[in-house]
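Undergrad: Quick check, what structure comes out for this input:
(chains A and B)
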Amino acid sequence: MDVSQYLNVFMDECQEHLQSLNQSLLVLEQEPDNMEILNAIFRAAHTLKGASATMGFNKMSNVTHAMEDVLSLLRQNELEVSAELINVLFAALDLLEVLAQGITEGREEDVETTGVIQSLQKFVAKELKSEPGPKTEPGQKSERRQSLELRYLPLEIEQIKSAVADGSNLNHLHVHLQEDCLLKGARAFMILRELETHGDIVRTIPTAKELEDEQFEDDFIIGILSKKPLEFLTRFLEKMLDVQKVEGEVNDPEALLVERRGDGAQAVASDVDQQKTSHTKATSNVSPTVRVDIRKLDELMNLVGEIVITRSRLEQLSWEQEDQNMVETVEQLSRLTMDLRDQVLKTRMVPVDHVFSRFPRLVRDLAKETRKEIQLEISGAETELDRTVIDEIADPLVHIIRNSVDHGIETPEVRTAAGKTLPGTVELKAYQAGNSVVIEIFDDGAGIDTRKIKAKAIERGIVTSEDIDNMDDDDIMNLIFLPGLSTSEKVTDISGRGVGMDVVKTQITNLGGIVEMSSVEGEGTKFTIRLPLTLAIIQTLIVQLGNDVFAIPSTLIDQTISVDKKDIKRLRGREVTVYRGEVLPLVRLQEFLEVKEAKNADLDELDVVVISNGERRVGFIVDTLVRQQDVVIKSLGTYLGNIPGIAGATILGNGKIALILDLRSVA
Amino acid sequence: MKDNKERQEETTQIIIFKLGEEEFGVNILQVREIEKLDQGITRVPRAPHFVEGIINLRGEIIPIVDLRARFGLTLPELGLNSRVIIVEVGEAQVGMLVDAVVEVLRVPVSAIESAPTITKGVDSYFLAGVVNIDERLIVLLNLERTLSPEEEKELSEVELGDEL
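TA: A predicted model of the protein is given here:
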């Protein structure tokens, strides 16, 4: 059977299962008695085993099988959760990730798995050794048979009674699937669906949802009200593919077992109906989703972008026509277009949780490595970001968190000596603020020693001691974002590999974002990252300089002000003005953009765009402010893509090109 | 209805254009289209010196390279016959500013020779060969090298070397 076409689906689901396994294991580590989590882990491993076996990935299947054996013993309370066991399970998970990677690179067979499998089997062997009693098999079976007895709610029993009085029978059908049946969930679903044509299914064990998710071995029981004779039903089922045998019996409604507890009681009829209508596989959030190739979304985004541009051109033309009907219709078109754009943008939005979810594991591992006690608190994981931003933000975040663990949080001894609480805390917060998404990373560790930074900065010739005197603490701390300053004293394995804060800053800047840091020595450090909500279409301020127009993204603009010529002074060779008690350096934009026909040198009142790059503010003098406009960012390609200050270009409604400026790097 | 002999000769089509009075050529398979310079070229500050700027081609932003600047030739200003040849290099599209587009010529592959070190003032590094046909010397461009953004430094090294 050629399974290569299912490879993408398999990989996607594999990743999901691995992620959920990671998270669940972390919880199990903290709550060893949590049966629910244990079951969730078991089910995930079981599903993964089946899926990988179906696809022919035997190594993965073997590893998950070994895990399943261990987990099975845990479930039956014949094995205890120990730190060693958890570590082995984590090691197995890591191996599964390596295997998954190997699968995508086509070399799954090369991955070494015997070590981990043996460690897992040791736990199972230990178990068997210490309890050489009756084999668990019959015990298991009777357990299962017990749990396979159908119980009904009182209400259901009433319904059954009236149906029986009407001529139906309540049949309990115990269906056994062939052992080698692939896709048992689908088979079970089909069986239920076919049966529905011959009667009403009242209940199944396990529930219809569990059946579809393949949370069962090879058999299940159906309670069905039908006017057709039992013989008919059993033979009907046995004729179906993959059904090995069916045991059936008619039940007396008077003798039915009552389901007393409220939990777990799901009326099957509505279950099966639900599945008929919403056949898409539910995610763990139980909201129906569809997997879409990201390239299709990109294409859609592109088209919408073009529509937005054409729409503004149409708007301009309609105003020129001065035809009221036309203007109104075009306005309506505009509203629809912007709605369309917003909806498409939303399809690209993904919760930050995608990235945050791997941090608990990361922090746990790092803490163990450094022998520190660290607690990670995450909030706002449901905040959404554009898909492309999500992919790129992971790296810088990992780096900052590593720094917090490595250099921020102190060892337990140091902390207690300083009177600090144990464990140390790292807080990861995300929230939306206006047009941006803010991510904060805070640790209550040692903070940043400004003296060390000062010393190093002077030593490396980055600033002179005179400059340092003029800088306040915040400025000094933000020096760590400069290349050359960010390599730590000793290259630790965790965070010192020559990749420093300057890389983090570059990565974030490339996303159109800002990163700031503040710290109090001895108390902690906080990183604040501000990211634009979306990359492709942005709101900009159009400014005129000479004969050209330029677009400045609104998110970068602190404010726009008007400055009188006479309020401009010179300070150390640069033009400055005083604004709200602060000295604001000024730059004539034409110097930076080499525009010769700029007019602002002659004006008495100047329009100034104030840009903040996190550290300080600079005012850029332009000729005039034209208007606010949404534009589609177009990349400038290989030649021109790396010019500092130029982030891209856009095509305006009149067909002219406006360069999009990112003035923070110039500030 | 070519006869056997002709069919055996492999040919390739070249688009011939002029920089000043000299004729240059590029393989037609690399050419996407040829445009007049109706709209102005939007300047990009601090771009490499041979990049004139960018244009809007039906919604796409295309960088425009001035080949004369690229090759270090000094030539007169743009005229009525100036054109932009949009070529595809790898995944990118680039427009080459030329003084005139002459014709499309079918050339037998056997007529293409390797270029001498400096031809018409252009370093052989940028060239894919020369064609001698009917007393015309057509210089064929290696687009990957001509239009690659990094070669500036190498070029100046080469020039110095030649002067020594």
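Undergrad: Tell me the bridge partners for A:Thr204.
TA: Legend: beta-bridge partners of A:Thr204 under DSSP bridges are A:Ile222.
Undergrad: Check the gap between it and A:Tyr152 for me.
TA: Per C-beta to C-beta, to the nearest Å, A:Thr204 is found 12 Å from A:Tyr152. Any C-beta I mention is one placed from the backbone N, CA and C, and that applies to glycine too.
Undergrad: Neighbour count: those two, which is higher?
TA: Neighbour count, other C-beta atoms under 10 Å in any protein chain shown: between A:Thr204 and A:Tyr152, A:Thr204 has more, with 27 against 22.
Undergrad: Apart from its chain neighbours, what residue comes closest to the residue nearest to the spatial centre of chain B?
TA: Closest residue to the average C-alpha location of chain B: B:Leu141 at 5.3 Å, with C-alpha atoms, centre = their mean. Spatially, and ignoring its direct neighbours in sequence, B:Leu141 is nearest to B:Val26 (5.3 Å; C-beta to C-beta, 6 or more residues apart in numbering or on different chains).
Undergrad: between A:Thr204 and A:Tyr152, what contacts are shared?
TA: By C-beta atoms under 8 Å, 6 or more residues apart in numbering or on different chains, A:Thr204 and A:Tyr152 have these common neighbours: A:Gly223.
Undergrad: ok, back up a step: assumed the residue nearest to B:Leu141 was part of a helix.
TA: No. With DSSP: H, G, I helix; E, B strand; the rest coil as the criterion, B:Val26 is strand rather than part of a helix.
Undergrad: my guess is it contacts B:Leu140, does it?
TA: Yes. B:Val26 is within contact range of B:Leu140, at 7.1 Å (criterion: C-beta atoms under 8 Å).
Undergrad: Stretch A:506-522: end-to-end distance?
TA: Stretch A:506-522 has its terminal residues 28 Å apart, counting by C-alpha to C-alpha, to the nearest Å.
Undergrad: And the contacts of that stretch?
TA: A:389, A:392-393, A:395-396, A:418, A:436, A:446-450, A:474, A:477-478, A:480-481, A:504-505, A:525-532, A:535, A:538, A:553, A:555, A:612-615, A:647, A:662, A:664-665.
Undergrad: Buried by neighbour count, from those: which ones?
TA: A:389, A:392-393, A:396, A:436, A:446-448, A:450, A:477-478, A:480-481, A:504-505, A:525-532, A:535, A:538, A:553, A:555, A:612-615, A:647, A:662, A:664 (16 or more other C-beta atoms under 10 Å in any protein chain shown).
Undergrad: Take those and keep only those in helices.
TA: A:Val389, A:Glu392, A:Ile393, A:Pro396, A:Thr450, A:Met477, A:Val504, A:Lys505 (DSSP state H).
Undergrad: need the contact list for A:Thr555.
TA: Contacts of A:Thr555 (C-beta under 8 Å, 6+ apart): A:Asn435, A:Ser436, A:Gly512, A:Arg530, A:Pro532, A:Ile538, A:Gln539.
Undergrad: if we can go back for a sec, and which of the ones in helices among the buried ones among the contacts of stretch A:506-522 is nearest A:Leu336?
TA: A:Val389 (26.7 Å; C-beta to C-beta).
Undergrad: Settle this for me: that closest one is touching A:Arg530, isn't it.
TA: No. Look at A:Val389 against A:Arg530 with C-beta under 8 Å: they stay out of range, at 11.6 Å.
Undergrad: if we can go back for a sec, could you work out the most separated pair of the contacts of A:Thr555?
TA: A:Arg530 and A:Gln539 (15.1 Å).
Undergrad: Quick check: bridge partners of the residue nearest to B:Leu141?
TA: Those that pair with B:Val26 in a beta bridge, by DSSP bridges, are B:Ile15.
Undergrad: Of all residues in the stretch 101-250 of chain A, which one is closest to chain B?
TA: Distances between the stretch 101-250 of chain A and chain B by C-beta to the nearest C-beta are smallest at A:Thr104, namely 23.4 Å.
Undergrad: now, among the ones in helices among the buried ones among the contacts of stretch A:506-522, which is nearest to chain B?
TA: Nearest to chain B out of these is A:Glu392 (C-beta to the nearest C-beta; 20.1 Å).
Undergrad: And for the spatially most central residue of chain A, nearest residue in space, chain neighbours not counted?
TA: Closest residue to the average C-alpha location of chain A: A:His354 at 1.0 Å, with C-alpha atoms, centre = their mean. The shortest distance from A:His354 to any non-neighbouring residue, by C-beta to C-beta, 6+ apart, is to A:Ile390 (5.6 Å).
Undergrad: residues from chain B in reach of chain A?
TA: B:39, B:42-48, B:51, B:54-56, B:59-61, B:63, B:65, B:92, B:94, B:149 (C-beta under 8 Å from any C-beta of the partner chain).
Undergrad: could you redo the last one with a cut-off of 10 Å?
TA: Applying C-beta under 10 Å from any C-beta of the partner chain, one finds that chain B approaches chain A through B:39-48, B:50-51, B:53-56, B:58-65, B:89-94, B:147-150.
Undergrad: where exactly do the helices run in the stretch 201-350 of chain A?
TA: Ranges of helices in the stretch 201-350 of chain A, per DSSP state H, counting those that start in this stretch, are A:208-212, A:230-238, A:268-277, A:294-321, A:324-347.
Undergrad: who wins for proximity to chain B among these?
TA: Nearest of the helices of the stretch 201-350 of chain A to chain B, taken as C-beta to the nearest C-beta: helix A:294-321 at 6.0 Å.
Undergrad: relative to helix A:324-347, how tilted is the closest one?
TA: 160 degrees (axes from the mean of the first three to the mean of the last three C-alpha atoms, to 10 degrees).
Undergrad: Work out the gap between helix A:294-321 and the centre of the chain.
TA: Relative to its parent chain, helix A:294-321 has a centroid offset of 30 Å by C-alpha atoms, centre = their mean, to the nearest Å.
Undergrad: And for stretch A:401-420?
TA: For stretch A:401-420, the distance to the chain centre is 28 Å (C-alpha atoms, centre = their mean).
Undergrad: quick revisit: tell me the spacing between the residue nearest to the centre of chain A and B:Leu73.
TA: According to C-beta to C-beta, A:His354 and B:Leu73 sit 53 Å apart.
Undergrad: Residue 92 - how many residues pack around it?
TA: Went with chain A since none was named. As a burial measure, A:Ala92 scores 22 neighbours (other C-beta under 10 Å).
Undergrad: Chain B, not that one
TA: By other C-beta under 10 Å, neighbour count at B:Ala92 equals 14.
Undergrad: partners of it in the sheet?
TA: Beta-bridge partners for B:Ala92, by DSSP bridges, are B:Val89.
Undergrad: so what's B:Ile61 bridging to?
TA: Beta-bridge partners of B:Ile61, as defined by DSSP bridges: B:Asn56.
Undergrad: just checking, it touches A:Leu640?
TA: Yes. With contact defined as C-beta atoms under 10 Å, B:Ile61 and A:Leu640 form a contacting pair (9.0 Å).
Undergrad: quick one, which of the two is more surrounded?
TA: Neighbour totals were compared for B:Ile61 and A:Leu640, and A:Leu640 leads with 23 against 20 (other C-beta under 10 Å).
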